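Novice: Fold the following for me, if possible:
(2 chains)
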Number of protein chains: 2
Amino acid sequence: MDADAKKTALRMIPYGLYVLTAKGGDGRMTAATVNWVTQCSFAPALVAVGVKADSQTHALIDESKEFVLNVIAKGDNGVAFTFFKPAVVEGNTIGGEPFAPGAVVKAPVLDKAPAHVECRVVEAVKRGDHTLFVGEVVEARVKTPPAGRADDAICWLKDLGDKVYYGG
Amino acid sequence: MDADAKKTALRMIPYGLYVLTAKGGDGRMTAATVNWVTQCSFAPALVAVGVKADSQTHALIDESKEFVLNVIAKGDNGVAFTFFKPAVVEGNTIGGEPFAPGAVVKAPVLDKAPAHVECRVVEAVKRGDHTLFVGEVVEARVKTPPAGRADDAICWLKDLGDKVYYGG
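Specialist: Below is the predicted model:
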C-alpha cells in the first residue's frame, strides 16, 4: 500500500469539530477537541467517537462509561484550539470556558456549545491507537437553533486552516 | 429527551458521501451510498462505516468481511443518487457505472471514484438499526489527486440539497 495514497484518501473524509468531555468517579474532569465522530444508528440513537487511547479523556470515559459531545459553533475556532491541550478546571470553568454538568450524565456541558448530546457507552472498540466509543444518546439539547442547515452551524476541521488535518 | 433537539443536534454532524461496495462468495455484488463514515485509528489505519442492518450491502460485508469505500467526487451528485437504490450489475458496470475489482479485496472499485480504500472487517458493532463495521485499510488508491484540501474534493451530504439529511 502506498502511504501517500492512504493519507490522501483518508483525508478526503470531511469532519466537524466537537469538545468531548468526561468526568471520573473522583471528580476529575477532562475536555478534548475531537473530530472522528459519526452517528451509527437511528433507533436507538448511537454515535461513535474515536478517542486517543493514551489520553486523559479516554481514561475517564473508559471508567465512567459516559461522555458529552459538545458541538463547536461555526466561527468559534478558539474553542477548538483551547481543547487541543489538556484543560485545567477552575471553579465552574474548564480551559477557561464556563460549564455546567449534563442533565443526565455528569460530564461538563460547555455554555458556549450551540448544542450537545449526552451519551452512555454501550461498546468500546479497542483495536488501534484510538478507541472507538459507541454511545447511546440519552439526552440532547440545542441552545442555538441553526438558522439554515444544521451542519452549516458547526465549525468544520477545514475551518481551522488550509493545512490542518486529523486523519490520514 | 426532546426528539427535535436530538434530531437537530445529530444533524449538525457534517458528512461526506461514499459508495460502499461488497462482493459475496457467490459472486453477487452490491453498492450503496453511505455517509456515516469516520477514521478511528492511525496505526493500524481503521475506518468505521455505519451500514443499514437489513440491506444487501450489509449482508455481503457481514459474509465476506471485506468492503471498498469509494469516494464520490465533488459535483458528482448523480452517483450518490444512483446508489440510494439497489444497484444492478451488467457486465463490468454496477448501477450503470463501470468498475473493476479491488487490488486486494474483491469488492468493486468505481472507475469514477477519485480515490478509494479497501478494507478488511476487524469488528462489527451490532447494536441498533445499523451495524458499525470497523475495517482495517489494506489498500488505498488516489486516481485524481485533490487540487486543494482533500476534503474539498469530495461530495458532501449538504451538496445534495438544502433538506437532504441522513442522521438525526
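
Novice: tell me which element A:T8 falls in.
Specialist: helix A:3-11 (DSSP states H and E).

Novice: helices or strands next to that helix in the packing?
Specialist: strand B:115-126, strand B:130-142 (3 or more C-beta pairs under 8 Å, 6 or more residues apart in numbering or on different chains; DSSP states H and E). Using the backbone N, CA and C atoms, a C-beta is placed for each residue, glycine as well.

Novice: and the next helix or strand after it, what does it pack onto?
Specialist: The helix or strand immediately downstream of helix A:3-11 is strand A:18-23, counting by DSSP H and E. Packing partners of strand A:18-23 (3+ C-beta pairs under 8 Å, 6+ apart): strand A:29-34, strand A:46-52, helix A:56-64, strand A:66-71, strand A:108-110.

Novice: hang on, the earlier thing: what comes up buried for the helix holding A:T8?
Specialist: By neighbour count on 16 or more other C-beta atoms under 10 Å in any protein chain shown, the buried set for helix A:3-11 is A:A5, A:K6, A:K7, A:T8, A:A9, A:L10, A:R11.

Novice: Please name the bridge partners of the nearest residue to A:V89 once chain neighbours are set aside.
Specialist: Nearest non-adjacent residue to A:V89, counting by C-beta to C-beta, 6 or more residues apart in numbering or on different chains: A:M29, 5.3 Å away. Note on A:M29: beta-bridge partners by DSSP bridges are A:K23.

Novice: List the residues that contact A:M29.
Specialist: A:T21, A:A22, A:K23, A:L60, A:V89, A:I94, A:A107, A:P108 (C-beta atoms under 8 Å, 6 or more residues apart in numbering or on different chains).

Novice: If the fifth one is in a bridge, with which residues?
Specialist: Think A:V89. A:I94.

Novice: Hmm, B:K7 and A:A115 touching each other?
Specialist: No: A:A115 is beyond contact range of B:K7, at 10.7 Å (criterion: C-beta atoms under 8 Å).

Novice: Can you report how many residues neighbour A:P108?
Specialist: Other residues within reach of A:P108, judged by other C-beta atoms under 10 Å in any protein chain shown, total 29.

Novice: Could you tell me how far the residue nearest to A:S55 when sequence neighbours are not counted is located from A:D54?
Specialist: Excluding its sequence neighbours, the residue lying closest to A:S55 (C-beta to C-beta, 6+ apart) is A:A32, at 6.2 Å. Counting by C-beta to C-beta, to the nearest Å, the separation of A:A32 from A:D54 is 12 Å.
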